[in-house]
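> Here is my input; please provide its structure:
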Amino acid sequence: MRPESERDAADRGAPSTPPVGSMLSEFGIAAVLVVFCAVVFWLTTRFEQVAVALSQNMPPQYFPRLLLGTILALTAVMLVESYFRPPKARRGLKPMVYYSVAALLVFVLAVKWLGLVVTMVLFGVLFPLLWGERRYGYLLAFAALFPAAVYLLFVRVLEVQFPHGRLLTWLGL
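Numbering: from 1, shown residues only. As a prediction, this is how the structure comes out:
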């Protein structure tokens, strides 16, 4: 139930603004993201220069800066959206959020041992199962097609080499 003053303002047709605490938390998140982007952008200025013949029309700092621009643009969208969004009560995070974070950490650690492609296939099966997906045909299609598409795009088209992992190196693959 809304507080009395907010209910009266809504009844009179006055626009409701987000609560100050909600806006401060949104601005806090935005501030952290902007500082992160500034630091990473500064780090990209310290990259070694690569010969034009080896840069494949894209210097090493291009892609990180493209991602930083995307992060900053999405941060701006978040701020504008939070200002115009009606206020809502905060709830705690659901346990699935923590399970998902743990699964992503396991994914990152598994890449070192299994290689990126094998880990993506396993993750493509296990992560949807964690979220409750039970349509096994779709699940298997996703687990096969998504890593294949990522592999084709990055390894074949963009010529980026993925880590093979210690297991695949040990097996000689």
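> Secondary structure element holding the spatially most central residue of the chain?
For the chain, residue 71 is the residue whose C-alpha lies nearest the centre (CA atoms, centre = their mean; 9.5 Å). Per DSSP states H and E: residue 71 is located in helix 62-84.
> Quick one: name whatever helix or strand follows that helix.
helix 95-114.
> if we can go back for a sec, mind checking how far the residue nearest to the centre of the chain is from residue 65?
Separation of residue 71 from residue 65 (CB to CB, to the nearest Å) stands at 11 Å. The C-beta positions use only the backbone N, C-alpha and C, and glycine is treated the same way.
> So for the host helix or strand of residue 30, mean pLDDT?
Using DSSP H and E, residue 30 maps to helix 20-44. For helix 20-44, the mean per-residue pLDDT is 83.
> Flag every buried residue along it.
22, 26, 30, 33, 37 (16 or more other CB atoms under 10 Å).
> Repeat that for stretch 119-137.
For stretch 119-137, by 16+ other CB under 10 Å, it's 119-125, 127-128.
> From those, which land in helices?
119-125, 127-128 (DSSP state H).
> Might you list the low-confidence residue ranges for this structure?
1-24, 51-57, 87-90, 173 (pLDDT under 70).
> Try it again at 80.
1-26, 49-60, 83, 85-93, 168-169, 171-173 (pLDDT under 80).
> coming back round to it: need the ones in helices among the buried residues of stretch 119-137 in JSON lines with distance to residue 60, can you?
JSON lines is the format used below for those (distance: CB to CB, whole Å):
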{"residue": "119", "distance to residue 60": "25"}
{"residue": "120", "distance to residue 60": "24"}
{"residue": "121", "distance to residue 60": "29"}
{"residue": "122", "distance to residue 60": "30"}
{"residue": "123", "distance to residue 60": "27"}
{"residue": "124", "distance to residue 60": "29"}
{"residue": "125", "distance to residue 60": "34"}
{"residue": "127", "distance to residue 60": "31"}
{"residue": "128", "distance to residue 60": "34"}
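> From the residues you listed, pick the one nearest residue 154.
Minimum distance to residue 154 across those is 11.1 Å, recorded for residue 120 (CB to CB).
> got the contact list for the closest one?
Residues in contact with residue 120 (CB atoms under 8 Å, 6 or more residues apart in numbering) are 146-147, 150.
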